[in-house]
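1. missing the sequence, but the structure's below:
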């Protein structure tokens, strides 16, 4: 499988205000999911999550994440890690399990952008 954009997250200091903004601008609907400070952005059917709005985090030390954070679905998270390091990228968050979702890796490209890769595996514990 070629890497595909599978998820986006909008980082914010005010989840409720950001929800209200995008509901007004794009007509998006939302549902609470996971930890506090995290809501899913639902597709037009209201059933499938296409993204999230979340409390701002810092993937890059001393730099609050601004803008959209993109996650790409991959077949082999460990192979992606090797290729990132081999191509001169920096690992920001090593492989971590998200129960029932899969394995997540965060890295920084040479331009300084944070990027995430997810190997989806619903059997993840």
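-> Sure thing, it's come through. This one's a predicted model, so the numbers in the text were calculated from it and none came from an experiment.
2. could you use CA atoms for every contact and neighbour count after this?
-> Fine.
3. the protein: helices as residue ranges?
-> For the chain, applying DSSP state H gives helices covering 15-26, 77-86.
4. residue 64: which of those helices is closest?
-> Of all those, it is helix 15-26 that lies closest to residue 64, at 15.1 Å by Cα to Cα.
5. returning to what we had before: can you redo the helices of the chain as TSV with distance to residue 45?
-> Converted to TSV, the helices of the chain look like this (distance: least, Cα to Cα, whole Å):
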stretch	distance to residue 45
helix 15-26	14
helix 77-86	30
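6. which of the ones you listed has the lowest average pLDDT?
-> Per-stretch mean pLDDT for these is lowest at helix 15-26 (a mean of 92).
7. contacts for it, please.
-> By Cα atoms under 8 Å, 6 or more residues apart in numbering, the residues outside helix 15-26 that reach it are 12, 28-30, 37-38, 53-55.
8. quick revisit: CSV for the helices of the chain, including distance to residue 49 and mean neighbour count?
-> Formatted as CSV, the helices of the chain follow (distance: least, Cα to Cα, whole Å; neighbours: other Cα atoms under 10 Å):
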stretch, distance to residue 49, mean neighbour count
helix 15-26, 14, 14
helix 77-86, 22, 15
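9. what's the closest of those helices to residue 5?
-> helix 77-86 (14.6 Å).
10. other SSEs contacting that closest one?
-> Contacts defined by 3 or more Cα pairs under 8 Å, 6 or more residues apart in numbering; DSSP states H and E place helix 77-86 against strand 90-98, strand 102-108, strand 114-120.
11. distance to residue 44 added to those strands, as a markdown table?
-> Formatted as a markdown table, these follow (distance: least, Cα to Cα, whole Å):
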| stretch | distance to residue 44 |
| --- | --- |
| strand 90-98 | 26 |
| strand 102-108 | 25 |
| strand 114-120 | 23 |
